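[1] Pasting a predicted model and its sequence here:
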Amino acid sequence: MDLMPASLAFVLAAACAGLMGYAIQRGGTCTVAAVEELVQKRSARRLLGMAEAALWVAGGLVLAQALHLLPHLPAAYAVSAWTVAGGALLGLGAWINRACVFGAIARLGNGEWAYAATPLGFYLGCLSVGWFPAPRPRPLAQVSPVLQASALLALAFAAWAAWRLLRPAWHLTRIEGRTGWVRRLAAAVWEPHAATCVIGITFVVLMLLAGTWAYTDTLAAAAHGMATSLATQLILLLVLYAGGVLGGWTAGRLRGVAPSPGQLLRCLAGGLLMGWGSLLIPGSNDGMILVGMPLLRGYAWVGFGTMCLVIAAALVLPQALRRVRPIFTF
């Protein structure tokens, strides 16, 4: 913000938030979909895409540190049994919702209006998390090893990033010749793996312009009145969702589907559980993937791992019970 007028910085930040929402929708980014792909298709393509998004954030933070542009980052937190409980609630809520907090944006961008109840449920979960007799997560006074990386690592990341961005375009020109490669490249950008890279890059730029920002943190701040710039964060949140809707419209997926009471209740309940889980960890899967995990913070890895395990168990258990039931039929 100090390097340019605040109004210009905000416009650029809003553009990044909109592009992030667009990429989430076009890439179908969702932890539930990623775990389902791993369980049912034995493919880790979507999970590896999320890992690369975290890698882009980590590399971006190393570059920002080398250029003395790094903003204030959230504290690390101690790992406890409540971290695991939060991850379990987050996974259960995502499974009930049939989408994580990323996936809810993608589904809303498809015109599945029931998913408007997901952020409302998340907000209500943040309001009511005091029902849990849990202590406040204990902050740790530690510096991430990522932020202690040398300038040489920053240069290595810059070289890798250039190769990662330019290689697909070069490869397509070899295949397509001089015609058709631009169209093919534009389509490839919105493949799930590439879309998560766009999410990582836009998140870093957004972080440099407007500070650390995960949209679920905005909902939590709104629930507790903790943000000093809540109005700005809420505008970025609306732009993020608008980007998701624009993504659905440009892809021809935007089909307005009137929600049933059951769908609204499911999304509200899923959001509620995810809100509870995010404050126990602390952080939802967007914050863990894009902040905690890139900074190599243990609580984020434990929380996200638990979330994925619970989603996998929820997907596998009904199938296992159906196979076992005939054995006990007399």
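    Structure received. Numbering: from 1, shown residues only.
[2] Quick check: nearest residue in space to residue 142, chain neighbours excluded?
    Nearest residue to residue 142 in three dimensions, chain neighbours excluded: residue 76, at 5.4 Å (Cβ to Cβ, 6 or more residues apart in numbering). From N, CA and C alone the C-beta is placed, and that goes for glycine too.
[3] where does that neighbour fall, phi/psi-wise?
    phi -80, psi 160 (degrees, to the nearest 10).
[4] How about residue 257?
    Dihedral angles (degrees, to the nearest 10) for residue 257: phi -120, psi 110.
[5] do you know how far the residue nearest to residue 142 is from residue 254?
    40 Å (Cβ to Cβ, to the nearest Å).
[6] the more surrounded of these two?
    residue 76 (21 against 18; other Cβ atoms under 10 Å).
[7] which ones are touching that one?
    139, 140, 142, 144, 292, 295, 297, 298, 299 (Cβ atoms under 8 Å, 6 or more residues apart in numbering).
[8] which ones are touching the fifth one?
    Translated: residue 292. Counting by Cβ under 8 Å, 6+ apart, residue 292 has contacts 76, 283, 299, 300, 301, 303, 304.
[9] Mind checking which of those land in helices?
    299, 300, 301, 303, 304 (DSSP state H).
[10] Pull out the buried members of those.
    299, 300, 301, 303, 304 (16 or more other Cβ atoms under 10 Å).
[11] any idea which of the residues you listed is the one closest to residue 44?
    Checking these against residue 44 by Cβ to Cβ gives residue 304 as the nearest, at 14.3 Å.
[12] Quickly note the distance from the closest one to residue 57.
    Relative to residue 57, and taking Cβ to Cβ, residue 304 is found at 14 Å.
[13] What of residue 22?
    18 Å.
[14] Repeat that for residue 82.
    25 Å.
[15] next one: residue 25
    Taking Cβ to Cβ, one finds residue 25 at 20 Å from residue 57.
[16] And residue 244, by the same measure?
    20 Å.
[17] So for these two, which residue has more residues nearby?
    Neighbours per residue (other Cβ under 10 Å) separate residue 244 from residue 57, with residue 244 holding more: 28 against 23.
[18] Identify the residues contacting that one.
    So residue 244 contacts 21, 22, 24, 25, 105, 106, 108, 109 (Cβ under 8 Å, 6+ apart).
[19] Please verify my assumption that the third one contacts residue 200.
    No: contact between residue 24 and residue 200 fails when scored by Cβ atoms under 8 Å: they sit 11.6 Å apart.
[20] Looking at those two, which is more packed in?
    Between residue 24 and residue 200, counting by other Cβ under 10 Å, residue 24 is the more crowded of the two (29 against 26).
[21] For the more buried one, grab phi and psi.
    Here is the backbone geometry of residue 24 (degrees, to the nearest 10): phi -60, psi -40.
[22] same thing with residue 211?
    Per degrees, to the nearest 10, the backbone of residue 211 is at phi 90, psi 170.
[23] What is the burial count for it?
    16.
[24] That one contacts residue 73, correct?
    No: assessed by Cβ under 8 Å, residue 211 is found out of contact with residue 73, at 9.1 Å.
[25] any idea what sits nearest the spatially most central residue of the chain, other than its immediate chain neighbours?
    Residue closest to the average C-alpha location in the chain (Cα atoms, centre = their mean): residue 286, at 3.0 Å. Leaving aside its sequence neighbours, residue 286 sits nearest to residue 214 (Cβ to Cβ, 6+ apart; 4.7 Å).
[26] Now do the contacts for the one you found.
    Here residue 214 is in contact with 283, 284, 286, 287, 290, 291 (criterion: Cβ under 8 Å, 6+ apart).
[27] May I see those residues arranged in a markdown table, with distance to residue 53 and pLDDT as well?
    Listed next are these as a markdown table, based on distance: Cβ to Cβ, whole Å; pLDDT from 0 to 100:
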| residue | distance to residue 53 | pLDDT |
| --- | --- | --- |
| 283 | 15 | 88 |
| 284 | 15 | 91 |
| 286 | 10 | 89 |
| 287 | 13 | 90 |
| 290 | 7 | 91 |
| 291 | 11 | 90 |
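[28] Drop anything exposed from those.
    283, 284, 286, 287, 290, 291.
[29] and the fourth one, what helix or strand is that in?
    Residue 287 is part of helix 285-287, with elements assigned from DSSP states H and E.
[30] elements contacting that helix?
    helix 101-109, helix 215-224, helix 298-324 (3 or more Cβ pairs under 8 Å, 6 or more residues apart in numbering; DSSP states H and E).
[31] Give me whichever of those is most buried.
    helix 101-109 (a mean of 28; mean count of other Cβ atoms under 10 Å).
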